[in-house]
Structures are given as structure tokens and as C-alpha cells.
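>>> sequence plus the predicted model coming up.
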Amino acid sequence: MGIYVNPDNTAFEMSRFSDIYVDKSMLISKMNAVYRTEKRYICVSRPRRFGKSMAANMLLAYYSCGCDSKDLFSGLRIENDRSYQKHLNKHNVIRLDIQKFLFQKSHLNIFIDKIQEVVIKELRKEFGDCFEINEYGLPGVLEQIYGHTKKGFIFIIDEWDCVFRLAKEQKEVQEAYLGFLRGLFKGQDYVELAYMTGILPIKKYGEHSAVNIFKEYSMLDTGRLAGDFGFTEHEVCSLCETYGVDYAEAEKWYDGYLLGGMHIYNPMAITELMESGEFKSYWTGTETYEALKVYIDMNFDGLKEAVAAMLGNARYRVNTRKFQNDMTSFQTKDDVLTLLVHLGYLSCDRAAGEVFIPNQEIAYEFLNAADGSGWDGLVKAVNRSAELLENTWKLNGSAVAEGIAIVHNETASMLKYKDENSLTCTVLMAYYSAKIYYVNPVMEFPSGKGFADVVYLPKRNVDKPALIIELKWNKSVQGAIAQIKEKEYSAWLEGYTGEILLVGINFDEKKGHTCVIEKLVKL
């Protein structure tokens, strides 16, 4: 039993007997299914606080022959799986947390050698003199041990990608690290299972693509592991019932990550909520977001407009395919938005190809980021939104026009009015408070004989009118209302029994904003 070779189960034991523990043990069954197969290379990337390390510690406790974990798994779902007894504490395990070798930048030039040194030292204690150290380093040693004992190894590597976060601009360090991983895993018979976790998917480097032997399960492609990281709706409902917490409020604050067709919650936020009973943001800033904030403040490729629209509960179309899985190779705002998905600041609806701010907790983090240089007036605009929404319900078009004009003026440094799309961003920001009463706004709502610009539909059991908003640019507000009626935008809402308000908004470059609001008269 060592620190890196065949460790004990202490880390998982602390999680298992914590006050709040959610059983994720069926991940073990999925790993057993790929043991010693062509699919034995697994890489899981999730944001911080999503339970990656706990899962790694659980796999270690299950596989490592350096401990006896029968009692730890007693009562968990995996205990009834037919593969459970076959692998329980019967394997040689090498467990690495890469971050522990890189707690300062000066280690970047030595960490690979240090990893090999400490692991080989423990292998010597475990396997004696059955190997010699040669120019092939750790892979060469493992090959010799396998040839002598015919026993392979299970690799569990946490924070595998911290190199790319610490050495953002040092391509030679990144390539050396990927080369080390390739030599350690590619084509090696001693690998029984290789399981890596991190925040970012595997970096795309041409000649180093051999690392792509790994099957990746990321925030964009969770596959069959969707429910194994983060808390599911059912799990959160159960915890809310146990701790007497309002599930509907928890849903508003922390739901929103769409993974594999499931709604997934951040485990840390839910755990903190259960223990404190207080609804607030439990998000803790990381160095990754601080670095990214530079790009947002520079308004890279119109990124601020995208963030502004999403703060207004809109979704934003994005191409995630060109992202290079690092924090420097940005060519478009799509690359930055894709990184935000991997960091947990955005959620992605892959079927629609859209990203959005997942919940109230993360919205507050964006507002915190906006409370500084380069985001002039955004926080003020958001704070005004409750009054604007009230004036909309009161059919006070002049007050709504005045409110939108103020929002426009306060955000002029961020949103440059060019066309109707810019007006849409302003309106979405102005109606920020609508998220309390309405589902996410529908853009270009298919209705009647055309598409309404923005539609707000009230949440269930919320007694508020639906809003059909038509925007015009250098035309007339009366024309906006007329278009809603002539093209029968309300026809799609025939089954809707509540009130419907028609909102026409026009921006004239000389006269400014005007607004007319009418209550739909149902015949």
C-alpha cells in the first residue's frame, strides 16, 4: 500500500460517511464493462464541484488491492451488480492527482520526471527487483513488471488537464505532457483500465492525436455517464424532502444543466443548500474564469452582446466543433462560449445548438463579473427591470419606452445600436426580472403567419399575462402592433386561457424609443 501505487480507501471513506452522500456507485458497473477491452480508456471532463474527485476516489477504493472496501460499499447499489465481487479490491492501481505535482509554475519543467520518480520508487517496494530503469521511464518499467507478473494496472488520474490551465501559453510543455500520456497508454498491454478526469476535454494537437484513444464524456457529450456526475432531479427532490427545502425554489436557483437529456444540478451547491437552508450563490471563483474575464471585457467578436442577451434569459446559437480544448486558441466568440460551457458558466442544448445561462446562481456570477470596467450600466439596467416589467403589466407604454431608453443609454458602451438585433439585446436585458415569472423567452416564435420577435410565456401556476413583443427599427410602433394582429402571432396561443399583452417597440435613430401596449381582445 502506497500513496500512488495501490493506495488505501481513506478519501472515499470520508465521502461515504458524510452527512450528505448520494449513491453514484453504478459508475463502477460501467467501468467494469470496459475493463480490458478496446474501450478501456475513459476521460471525464466536468466543471469544478461536480463530483469528479469523489468518483475517482470511489473507483480507487473499489479496485485497489491495497485496501479492503467491502464495508464501504455495503448497502450501495453496486453491491447487487453481477460484476461487483469480480473486481472488488483485486487490482493494482496507480492513482495520480496531477495538480499535486504542479502547485507552482516552476514545477512545469520537472513534473513529468517527478511523477515517474515517485511512482517507480513505490513500484520497487511493491514488486522488488523484477525491473530495471531505462530510457523509457515509467512505461518501460510497467512493461517489465507486466512481462514478469502478467498482472496489469488500473490508472486513475485526477485533474489531468491542470497543465493546460497553468501553462496556457507554453506549447512545448503541453506537447511534452501529451507525449508522456501517449507513451504511458497507447498500445500498452499492461493497461487494464485508464480513467482520467478534468475540467477540459483532451487538447487537440495534430501529431499527438494518439491520445484520442480515450472516449471522452464532456459537458457537450455526456453519453451514458450523464447521471453519474452531478445530482439528478430525483436525487435533489429526495434531498429537499429530507431536509425540508422548497424544491421549486431549488430548481429556480440551481437547475439548468442539460446533460444527456437529463436536468443535472451542481452537487456542491445542493449540499451547501441542504446544510444551510439558504438560497444564494455558492459558486466560488476560479483562476480559469478570471483569465477568461479578460476576453469578455475585450468584447471578443461581440461576446458582450451574447452575454447580455443570455442574462435576459435568451439562448445563443453557437458552433462548438472548432474549440481546441484550451484557454488560448480563441478565434471566434463561439470558442469562448464553448469554454464557458466546459467551465460550468453556461449550459448547452446540443439538439438546438444553443447555449444559455443555466440558473439564478450562475446569473449572479455573471452580474458579479459585470460589476466592473467594460460593463458600464449593465447592473443598473438589470436593477431597473422589475419596474419596467410592472409598467408593462400596467399597459404604460410611455414608461416602458422610457425604461428601455435608459437601459440603452446605460449600456451604450457595451451594445452598439446597429439594427434590430441590438434592440433585441436591450429588450432582453430590460426584461431581466421576467425570469421570476416566465419561462425562457422564445425568440422568433413560430405563430400564425410569421414569427413574433420575442414571446414570454408565464410559468405554470403564475398569474401573469403572456407577452408578445414585436420590435421595429426606424419604422413605427403602430406598425409593430398592426403586424402582430395582421400576422395572427397570437394564434399559436389559442389554448392559452390567460391574458395576452401585445407589446410594440420601435427605435427611431432621431426620435428614440416608443412603445405601445394593448391587451388582446379574444373573440
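Happy to help now that I have it. Because the structure is predicted, anything quoted here is derived from the model rather than measured.

>>> burial measure for Ile112, as a count.
21 (other CB atoms under 10 Å). (Each C-beta comes from the backbone N, C-alpha and C, glycine too.)

>>> ok, now how distant is it from Asn409?
Distance, Ile112 to Asn409, by CB to CB, to the nearest Å: 55 Å.

>>> ditto for Arg46
Distance of Arg46 to Asn409, computed by CB to CB: 41 Å.

>>> between the two, which has more neighbouring residues?
Legend: neighbour count by other CB under 10 Å for Arg46 and Asn409, higher for Arg46 (26 against 12).

>>> surely the more buried one and Met219 touch.
Yes. Arg46 is within contact range of Met219, at 6.6 Å (criterion: CB atoms under 8 Å).

>>> what do those two both touch?
Listed as contacting both Arg46 and Met219 by CB atoms under 8 Å, 6 or more residues apart in numbering are Gly344.

>>> from Asn359, how far out is the most centrally placed residue in the chain?
Central residue of the chain (CA atoms, centre = their mean): Gly344, 2.7 Å from the mean position. Counting by CB to CB, the gap from Gly344 to Asn359 is 11 Å.

>>> what does Ala308 give?
Separation of Ala308 from Asn359 (CB to CB): 18 Å.

>>> who has more neighbours, these two?
Comparing Ala308 with Asn359 by other CB under 10 Å, the one with more neighbours is Ala308, at 27 against 22.

>>> just the buried residues of the helix or strand encompassing that one, please?
Using DSSP states H and E, Ala308 sits within helix 303-311. Across helix 303-311, burial judged by 16 or more other CB atoms under 10 Å covers 303-311.

>>> I'd like the residues you listed laid out as JSON lines, including distance to Ala466 and pLDDT.
Output for the buried residues of helix 303-311, formatted as JSON lines (distance: CB to CB, whole Å; pLDDT from 0 to 100):
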{"residue": "Leu303", "distance to Ala466": "31", "pLDDT": "80"}
{"residue": "Lys304", "distance to Ala466": "29", "pLDDT": "77"}
{"residue": "Glu305", "distance to Ala466": "26", "pLDDT": "76"}
{"residue": "Ala306", "distance to Ala466": "26", "pLDDT": "81"}
{"residue": "Val307", "distance to Ala466": "26", "pLDDT": "83"}
{"residue": "Ala308", "distance to Ala466": "24", "pLDDT": "79"}
{"residue": "Ala309", "distance to Ala466": "20", "pLDDT": "80"}
{"residue": "Met310", "distance to Ala466": "22", "pLDDT": "86"}
{"residue": "Leu311", "distance to Ala466": "22", "pLDDT": "83"}
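
>>> closest one of the residues you listed to Tyr190?
The closest of those to Tyr190 turns out to be Leu303 (CB to CB; 45.8 Å).

>>> which residue sits closest to the closest one, ignoring its sequence neighbours?
Lys333 (4.5 Å; CB to CB, 6 or more residues apart in numbering).

>>> what about that neighbour, how many neighbours?
Counted with other CB under 10 Å, Lys333 comes out at 21.

>>> ok, it - contacts?
Contact analysis of Lys333 by CB under 8 Å, 6+ apart lists 300-303, 306.

>>> ditto for Phe131
Residues in contact with Phe131 (CB under 8 Å, 6+ apart) are 123, 141, 144-145, 148.

>>> mind redoing it with 7 Å?
Residues near Phe131 by CB atoms under 7 Å, 6 or more residues apart in numbering: 141, 144-145.

>>> looking at this, it is in a strand?
No. Phe131 is assigned coil when assessed by DSSP: H, G, I helix; E, B strand; the rest coil, not a strand.

>>> ok, and what's touching the helix or strand where Met14 lies?
Using DSSP H and E, Met14 falls within helix 10-16. Helix 10-16 has contacts (CB under 7 Å, 6+ apart) with 21, 54, 57-58, 60-61, 72.

>>> and the buried residues of helix 303-311 as a markdown table, adding distance to Gly187?
Formatted as a markdown table, the buried residues of helix 303-311 follow (distance: CB to CB, whole Å):
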| residue | distance to Gly187 |
| --- | --- |
| Leu303 | 42 |
| Lys304 | 47 |
| Glu305 | 48 |
| Ala306 | 43 |
| Val307 | 44 |
| Ala308 | 49 |
| Ala309 | 48 |
| Met310 | 44 |
| Leu311 | 48 |
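
>>> nearest to Ala363, of those?
Nearest to Ala363 among the buried residues of helix 303-311 is Leu311, at 6.4 Å by CB to CB.

>>> now the buried members of the contacts of helix 10-16.
54, 57-58, 60-61, 72.

>>> and the two most separated of the contacts of helix 10-16?
For the contacts of helix 10-16, the maximum inter-member distance is 16.6 Å, found between Tyr21 and Leu60 (CB to CB).

>>> just the C-alphas of the helix holding Met14, formatted as PDB.
Output of helix 10-16 as PDB, limited to C-alpha atoms (Å, rounded to 0.1, in the frame of the first residue of the first chain):
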ATOM      1  CA  THR A  10      -9.400   6.800   3.200                       C
ATOM      2  CA  ALA A  11     -10.600   9.600   0.800                       C
ATOM      3  CA  PHE A  12     -13.700   7.700  -0.300                       C
ATOM      4  CA  GLU A  13     -14.400   6.700   3.300                       C
ATOM      5  CA  MET A  14     -14.700  10.400   4.300                       C
ATOM      6  CA  SER A  15     -17.200  11.000   1.400                       C
ATOM      7  CA  ARG A  16     -19.200   7.800   2.100                       C
END
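
>>> buried residues in that helix?
11-13, 15-16.

>>> same question for stretch 73-82.
Buried-residue list, stretch 73-82, by 16+ other CB under 10 Å: 73, 76, 78, 81.

>>> which residues does it contact?
Residues contacting stretch 73-82 (CB under 7 Å, 6+ apart): 23, 25-26, 28-29, 62, 84.

>>> got a markdown table for these, with secondary structure, neighbour count and pLDDT too?
Below are the contacts of stretch 73-82 laid out as a markdown table (DSSP: H, G, I helix; E, B strand; the rest coil; neighbours: other CB atoms under 10 Å; pLDDT from 0 to 100):
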| residue | secondary structure | neighbour count | pLDDT |
| --- | --- | --- | --- |
| Asp23 | coil | 13 | 97 |
| Ser25 | coil | 22 | 97 |
| Met26 | helix | 15 | 97 |
| Ile28 | helix | 25 | 98 |
| Ser29 | helix | 15 | 98 |
| Tyr62 | helix | 27 | 98 |
| Tyr84 | helix | 18 | 97 |
